[in-house]
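Student: return a 3D structure for these sequence lines:
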Amino acid sequence: MNNTQTENSKQSKNRVLSGIRATGRLHLGNYLGAVKGMLELQKDPNIQTLYMVADIHTITTPYKVEELRDNRRQVVLDYLAAGLDPEKSVIFLQSMVPQHTELSFYFSSVMSIARMQHLPTFKDKVKQYPDYATMALLNYPILMSADILVYKAGLVPVGIDQEPHLEVSREIARKMNELYGLDFPEPQRFATKGEYVPSLKGEGKMSKSVEGSFINLTDDLGTITKRLSSAPTDSGKGTVTRVQNEKGKTVTTYTDQAGSESIGVKSLLEFVELFQGTAKRAEYETLYESTGIRYGDLKKELAAAIFAELKPIQEKRAQLEADPAYVDSVIEAGAARARVIAQETVEQVRTAMGLG
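Tutor: Numbering: from 1, shown residues only. Coordinates of the predicted model:
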């Protein structure tokens, strides 16, 4: 291993990469599950943070060209409004760093089609979009691996649902290192408090593709209140059961007076804990097992708590929208900085594989 590779290995241990697809403005799931983790890591002076808008990943499922052009800028605005600082983090568009796609092709030479087809995320997307089972969709985890490893990032702040993709990244890193004597790290997930944000509909996670399941970072108090008003509940009374699963994590279940599990209530109280604290959730659980919860009051208070956290973000966003030249400069500068790091890695891989 030469001196340059040794230095790269040293740097990569303290390098982080994360990104969000350009499918629209960010929602609470993105904010709690990814952006908050990004902000936490950005505070550490010993970590180099790189945060991208994953616009190439966006074309792996059906999309509209003009919407993509607008959405990727909207994500940059949300990043900056939420507190990502271009002086501390490299903020860029994935498509402006062509080394991502070049490296993904090299990585595809060490992964089998069968391995990709067996991923649960691929199967889920094929069910969701049966007419769009493309090679791009199949290769999604390989491109994600290239996104991470082109910067030799050791930490990735993503939700638990992305763990299967990170395992692919680790497999690719091991294979490339064994076959070609490279020094890729095996990236690990950086967990955040709100890593899995439930849907407002009560089932699954908050998702932009599921209407009625999300709250946008740009929603005003009235919109947040309206979105919460449609969240499913029950009579307000029942029993609370807590058990530990095989991983030692406490799982709480709410059962209404009719004996049915209230998944919607569980989701609501998880939001209460995220935005109003553990004590407030405990207070509602006590009411649930005694006099009953008044869901109208709960939702009104919860909407106010969510809006209180989002209001400063919205105010900062309005300032950014009024200064498009600044946003353009952030995008251009971020891509330039990212390309320098990415090109060095790609050149190492090309040489190691006999292509240099």
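
Student: how about residues contacting stretch 26-43?
Tutor: 16, 18, 20, 47, 49, 51, 75, 78-79, 82-85, 88-89, 155, 157-159, 190-197, 205-208, 214-217, 274, 306 (C-beta atoms under 8 Å, 6 or more residues apart in numbering). Every residue, glycine included, has its C-beta placed from N, CA and C.

Student: report the longest helix in the protein, please.
Tutor: Ordering each helix of the chain by length in residues (DSSP state H) puts helix 324-352 first.

Student: count the neighbours of the residue nearest to K88 when sequence neighbours are not counted for me.
Tutor: Distance criterion C-beta to C-beta, 6 or more residues apart in numbering; nearest residue to K88, sequence neighbours excluded, is Q42 at 5.2 Å. Neighbour count of Q42, defined by other C-beta atoms under 10 Å: 18.

Student: quick check on the most far-flung residue of the chain relative to its centre: phi, psi?
Tutor: Relative to the C-alpha centroid of the chain, counting by C-alpha atoms, centre = their mean, T291 is the outermost residue, at 38.7 Å. Backbone torsions of T291, given as degrees, to the nearest 10, read phi -80, psi -20.

Student: three-state assignment of R242?
Tutor: Counting by DSSP: H, G, I helix; E, B strand; the rest coil, the backbone at R242 sits in strand.

Student: doesn't K249 make contact with it?
Tutor: No - contact criterion C-beta atoms under 8 Å: R242 and K249 do not qualify, at 10.6 Å.

Student: re the thing from before, show me what the longest helix of the chain is packed up against.
Tutor: With contacts taken as 3 or more C-beta pairs under 8 Å, 6 or more residues apart in numbering; DSSP states H and E, helix 324-352 sits against helix 3-12, strand 48-54, helix 65-82, strand 89-93, helix 99-108, helix 163-180.

Student: packing partners for the fourth one?
Tutor: It stands for strand 89-93. Using 3+ C-beta pairs under 8 Å, 6+ apart, strand 89-93 sits against strand 48-54, helix 65-82, helix 324-352.

Student: restricted to buried residues, select the contacts of stretch 26-43 in ChimeraX.
Tutor: The buried residues among the contacts of stretch 26-43 can be selected in ChimeraX (16 or more other C-beta atoms under 10 Å) with this line:
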select :16,18,20,47,49,51,75,78,79,82,83,84,88,89,155,157,158,159,190,192,194,195,196,197,205,206,207,208,214,215,216,217,274,306
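
Student: relative to L149, how far out is I59?
Tutor: Going from I59 to L149 by C-beta to C-beta, to the nearest Å gives 21 Å.

Student: quick one: mean pLDDT over the longest helix of the chain.
Tutor: Across helix 324-352, pLDDT averages out at 98.

Student: tell me which residues of that helix are tucked away?
Tutor: Quick answer for helix 324-352 (16+ other C-beta under 10 Å): 327, 330-331, 334-335, 337-339, 341-342, 344-346, 348-349, 352.

Student: now swap in stretch 144-164 and tell me
Tutor: Buried residues in stretch 144-164 (16+ other C-beta under 10 Å): 144-159, 162.

Student: end to end, how far does that stretch reach?
Tutor: Its start and end residues considered, stretch 144-164 measures 11 Å (C-alpha to C-alpha, to the nearest Å).

Student: what's the model's confidence in it, averaged?
Tutor: Computed over stretch 144-164, the average pLDDT equals 88.

Student: and stretch 207-218, by the same measure?
Tutor: Mean pLDDT, computed over stretch 207-218, is 88.

Student: cool, and stretch 94-101?
Tutor: The average pLDDT for stretch 94-101 rounds to 98.

Student: how far does that stretch stretch from one end to the other?
Tutor: Stretch 94-101 has an end-to-end distance of 9 Å (criterion: C-alpha to C-alpha).

Student: how far off centre is it?
Tutor: 19 Å (C-alpha atoms, centre = their mean, to the nearest Å).

Student: which helix or strand in the chain has the lowest average pLDDT?
Tutor: Lowest on mean pLDDT, DSSP states H and E among the helices and strands of the chain sits helix 3-12, with a mean of 44.

Student: after it, which helix or strand is next? Please name it.
Tutor: As assigned by DSSP states H and E, the chain's next helix or strand after helix 3-12 is strand 15-21.

Student: low pLDDT regions in this protein?
Tutor: Applying pLDDT under 70 to the chain flags residues 1-13, 159, 192-195.

Student: and S290, how many neighbours does it have?
Tutor: For S290, the neighbour count with other C-beta under 10 Å is 9.

Student: so T252 sits against Q244, correct?
Tutor: No - with contact defined as C-beta under 8 Å, T252 does not reach Q244; the gap is 10.8 Å.

Student: out of these two, which sits in the busier spot?
Tutor: Using other C-beta under 10 Å as the criterion, T252 and Q244 rank with T252 on top: 13 against 9.
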